[in-house]
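In: Sequence and predicted structure below; questions after.
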Amino acid sequence: MECLLVTAHPLRDSLCAHLAERAAQALLAAGHEVIREDLYAQDFAPTLTAAERRSYYAPQYDGTAVAQQAARLLEAEALVLVFPTWWFGFPAILKGWFDRVWGPGIAYDHADDLGRIRPRLHRLRHVLAVTTLGSPWWVDWFILRRPLRRVLKTALLGTCAPACRFEMLSLYKSEKLVPEAVRAFAERVERAIRHWP
């Protein structure tokens, strides 16, 4: 499959960078093609431009500034997202990638009456989200109710790629991990990729 690997961490030696590298190796070992999208290395501008916002409900969305990113998203059969969870939200650069690249005419189409949107990411078959959190698991699950999982599964994929298979792996207490815990989690990421048909 053609796999898009999107990373969103400012440090090249971060835990997320390590997990992204392990994911890339697993994808290649499984025979997939890997296209890497390192948002910080690209200096991706996360803010929606005035032209993009003005054209959001126009007949044609002005996605010229993100045309290359949009083309890679539309070609992807699998998507792997590797990012830290900060304040139980996406890093701003990744949220901006969703805001700008997953625009109308790219990831979905508006209904004529502005009702339910129509999905466009028909090639996307698998999505794996890999994230690190400083908090313990029970805060994410029981107090916040896994907000990023809900946004990814329901809001983004549920509307733009409803037929794709979604999995999310979260590494908790990531600031106090021993090497064995990192290794075990990286192996979970690799297993998730190996289980793709």
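Out: The structure has been received and is ready for your questions.

In: Could you use CA atoms for every contact and neighbour count after this?
Out: Noted.

In: what comes up buried for stretch 173-190?
Out: For stretch 173-190, burial by neighbour count (16 or more other CA atoms under 10 Å) applies to 174, 182, 185-187, 189-190.

In: residue boundaries of the strands in this protein?
Out: Using DSSP state E, the strands of the chain run over 2-7, 33-38, 78-84, 108-109, 118-119, 126-132, 165-171.

In: Any idea which of those gets closest to Arg146?
Out: Evaluated with CA to CA, the strands of the chain place strand 165-171 nearest to Arg146, the distance being 9.9 Å.

In: most centrally placed residue in the chain?
Out: With distances taken as CA atoms, centre = their mean, Leu81 lies nearest the centre of the chain, 3.7 Å away.

In: who touches that residue in this structure?
Out: Leu81 is in contact with 5-7, 127-131, counting by CA atoms under 8 Å, 6 or more residues apart in numbering.

In: Kindly state the pLDDT recorded for Ala17?
Out: Ala17 carries a pLDDT value of 97.

In: how much space is there between it and Val130?
Out: Ala17 sits at a distance of 11 Å from Val130 (criterion: CA to CA, to the nearest Å).

In: for Leu156, same thing?
Out: If you go by CA to CA, the gap between Leu156 and Val130 works out to 16 Å.

In: what about Ala17 and Val130, which has more around it?
Out: A direct count of neighbours by other CA atoms under 10 Å for Ala17 and Val130 places Val130 higher, at 24 against 19.

In: ok, the more buried one touching Val82?
Out: Yes: judged on CA atoms under 8 Å, Val130 makes contact with Val82 at a distance of 4.7 Å.

In: quick one, helices of this protein?
Out: 15-29, 50-54, 67-75, 92-101, 137-138, 147-150, 158-160, 179-194 (DSSP state H).

In: ok now the second one, how far from the chain's centre?
Out: On the basis of CA atoms, centre = their mean, to the nearest Å, helix 50-54 is displaced by 23 Å from the centre of the chain it belongs to.

In: which other residues reach it?
Out: Outside helix 50-54, the residues that reach it (CA under 8 Å, 6+ apart) are 61-63, 100.

In: can you tell me which of the residues you listed lies nearest to Arg22?
Out: Closest to Arg22, out of all of the contacts of helix 50-54 and judged by CA to CA, is Arg100, at 27.6 Å.

In: Does that closest one touch Pro46 like I think?
Out: Yes: Arg100 is within contact range of Pro46, at 7.4 Å (criterion: CA under 8 Å).

In: Have a look at these two and say which one is more surrounded.
Out: Taking other CA under 10 Å, Arg100 and Pro46 do not tie; Arg100 has more neighbours (24 against 18).

In: Need the helices of the chain in CSV (columns: distance to Pro119).
Out: Output for these, formatted as CSV (distance: least, CA to CA, whole Å):
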stretch, distance to Pro119
helix 15-29, 26
helix 50-54, 19
helix 67-75, 12
helix 92-101, 14
helix 137-138, 32
helix 147-150, 18
helix 158-160, 4
helix 179-194, 24
